[in-house]
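A.B. asks: Predicted model and sequence below, questions to follow.
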Amino acid sequence: GLGLGLGLGLGHVNVGGRVPLGLKRKTLRVLVTGGAGFVGSHLVDRLIERGDSVIVVDNLFTGRKENLVQHFGNPRFELIRHDVVEPILLEVDQIYHLACPASPVHYKYNPTNVVGTLNMLGLAKRVGARFLLTSTSEVYGVRSCYDEGKRTAETLTMDYHRGLGIEVRIARIFNTYGPRMCIDDGRVVSNFVAQALRKEPLTVYGDGKQTRSFQYVSDLVEGLMRLMEGDHVGPFNLGNPGEFTMLELAQVVQETIDPNAKIEFRPNTEDDPHKRKPDITKAEELLGWQPTISLRKGLPLMVEDFRQRIFGDQKDTTV
Ligand code: NAD
Ligand code: UDP
Ligand code: UDP
């Protein structure tokens, strides 16, 4: 079955400039840890589409089988329920390491970022696979044990690269949204979209003048794949430089879902960054990557998914 589906994805395969368009490319065996989660499942869609064999390792803590159900029965797809904190033996060519406790609200301390990353680097070393770490914009500011975990993961990754010659890639991901996003982990986009759909007020923390830059998930996945296929270690910032205040975001959500949605102000946390916007010059220059989906284009693309997950069968009668 090698080479199956290549016709579909050739445009995507040529990302690193290493496979001339039109030439057949070896089917890769790709491991995606955290592949049942929000970003990971979209990445798996693209890898399967371009003809790769994909193994997902996920403990399903915040990930969901439903995110991958479209691949069940495909011989090029396999889901293993496993915690990356435990060693595992697999034979693969590439490892996208996304497994991570979802957001700081979920856990105070979790060994996934450290022990899980060490295990996946050990696996990369044993089989000679290329390893990509999804780090976070949070490494630029001190806030929680979440960013400490990611910083340690970056350090381990560079240690394996410099000390043992393992091929590694590091992405620092900025706020990302889209279908399959966790509905209630407290992120602002998922909160606002769910609130607008439920006819609840949009909860703006603080004065709402703090800014974030929101990246649509397919742009991120394209960036991750270019990074993996390219020749540069990184770290690369992957995010959408379009900057919005939380009040502006609320307005886009109103325009997209419900113009009558109310806004309710709530106290903000003290350490909330006032501004966050990625500098993506390096990714533009070395990966030839930049996001293509603006917030106004991307937001509507997640509404139907949220509607279905929130209202389920009642969908037709409640909206
Ligand atoms: P997510 O929670 O949807 O996905 C993480 C996945 O990892 C889940 O499926 C979860 O079940 C799995 N997982 C957690 N601990 C595990 C363990 N010990 N063993 C195996 N599986 C485990 O989150 P996401 O938004 O898809 O994030 C994916 C990656 O991108 C993470 O590394 C995250 O830190 C990074 N990131 C995401 C954003 C964002 O805005 N979404 C921003 C910065 C960084
Ligand atoms: N490891 C793993 N799968 C493998 C190879 C290694 O889970 O295929 C784990 C291994 O159990 C260890 C970690 O990765 O805990 C680091 O492995 P490495 O060989 O780099 O270090 P060592 O075992 O020599 O300390
Ligand atoms: N936020 C908000 N209302 C919410 C959730 C979050 O105004 O219901 C704000 C939060 O204070 C922060 C911004 O939105 O300023 C982004 O928060 P999120 O948790 O989504 O991402 P992060 O802070 O990690 O960038």
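C.D. replies: Great, that's in hand. Residues are numbered from 1 along each chain as shown. Ligands and ions are numbered 1, 2, ... in the order given.

A.B. asks: Give me the neighbour count for S135.
C.D. replies: Using other Cβ atoms under 10 Å, the number of residues around S135 comes to 26. All C-beta atoms are positioned from the backbone trio N, CA, C, and that covers glycine.

A.B. asks: Identify the residues contacting it.
C.D. replies: By Cβ atoms under 8 Å, 6 or more residues apart in numbering, the contact set of S135 is K150, A153, E154, I170, A171, R172, I173, P235.

A.B. asks: Out of these, which end up buried?
C.D. replies: Buried subset of these (neighbour count, 16 or more other Cβ atoms under 10 Å): K150, A153, E154, I170, A171, R172, I173, P235.

A.B. asks: which residues of the protein score low on pLDDT?
C.D. replies: Applying pLDDT under 70 to the chain flags the ranges 1-24, 103-108, 143-146, 313-319.

A.B. asks: which of the buried ones among the contacts of S135 are close to ligand 2?
C.D. replies: Among those, not one lies near ligand 2 by Cβ under 6 Å from any ligand atom.

A.B. asks: interface residues of the stretch 151-300 of the chain facing ligand 3?
C.D. replies: Those residues of the stretch 151-300 of the chain that sit near ligand 3, judged by Cβ under 6 Å from any ligand atom, are 175, 186-188, 191, 203-205, 210, 212, 246, 268, 272, 276.

A.B. asks: Next, give me the two most distant ones among those residues.
C.D. replies: Spatial extent of these (Cβ to Cβ) is set by the pair T203 and R276 at 19.0 Å.

A.B. asks: Are we agreed that F265 is in a strand?
C.D. replies: Yes - F265 forms part of a strand when assessed by DSSP: H, G, I helix; E, B strand; the rest coil.

A.B. asks: rewinding a little: the residues of the stretch 151-300 of the chain next to ligand 3 in helices, which ones?
C.D. replies: Assigned to helices by DSSP state H, the following of those qualify: V188, N191, M246.

A.B. asks: so who does the second one touch?
C.D. replies: Looking back up the chat, that one is N191. By Cβ under 8 Å, 6+ apart, the contact set of N191 is L202, T203.

A.B. asks: quick one: it and E264, what's the gap?
C.D. replies: Going from N191 to E264 by Cβ to Cβ, to the nearest Å gives 11 Å.

A.B. asks: so what sits against both of these two?
C.D. replies: In contact with both N191 and E264: L202, T203, using Cβ under 8 Å, 6+ apart.

A.B. asks: residues from the chain in reach of ligand 1?
C.D. replies: Checking the chain against ligand 1 by Cβ under 6 Å from any ligand atom, the hits are 33-34, 36-40, 57-63, 83-85, 98-102, 112, 116, 134, 136, 173, 175-176, 182.

A.B. asks: could you flag which of those residues are buried?
C.D. replies: Among those, those buried by neighbour count (16+ other Cβ under 10 Å) are 33-34, 36-40, 57-59, 61-63, 83-85, 98-102, 112, 116, 134, 136, 173, 175-176, 182.

A.B. asks: residues in this protein within reach of ligand 2, list them.
C.D. replies: Going by Cβ under 6 Å from any ligand atom, the residues of the chain near ligand 2 are P87, I88, L89, L118, N119, G122, L123, K125, R126.

A.B. asks: Can I take it that the first one is in a helix?
C.D. replies: So that's P87. No - judged by three-state DSSP, P87 forms no part of a helix; its state is coil.

A.B. asks: count of neighbours near it?
C.D. replies: The number of residues packed near P87 is 12, by other Cβ under 10 Å.

A.B. asks: Kindly report the same for the second one.
C.D. replies: Using other Cβ under 10 Å, the number of residues around I88 comes to 16.

A.B. asks: give the contact list for it.
C.D. replies: Taking Cβ under 8 Å, 6+ apart, we find I88 in contact with V57, I80, H82, N119, L123.
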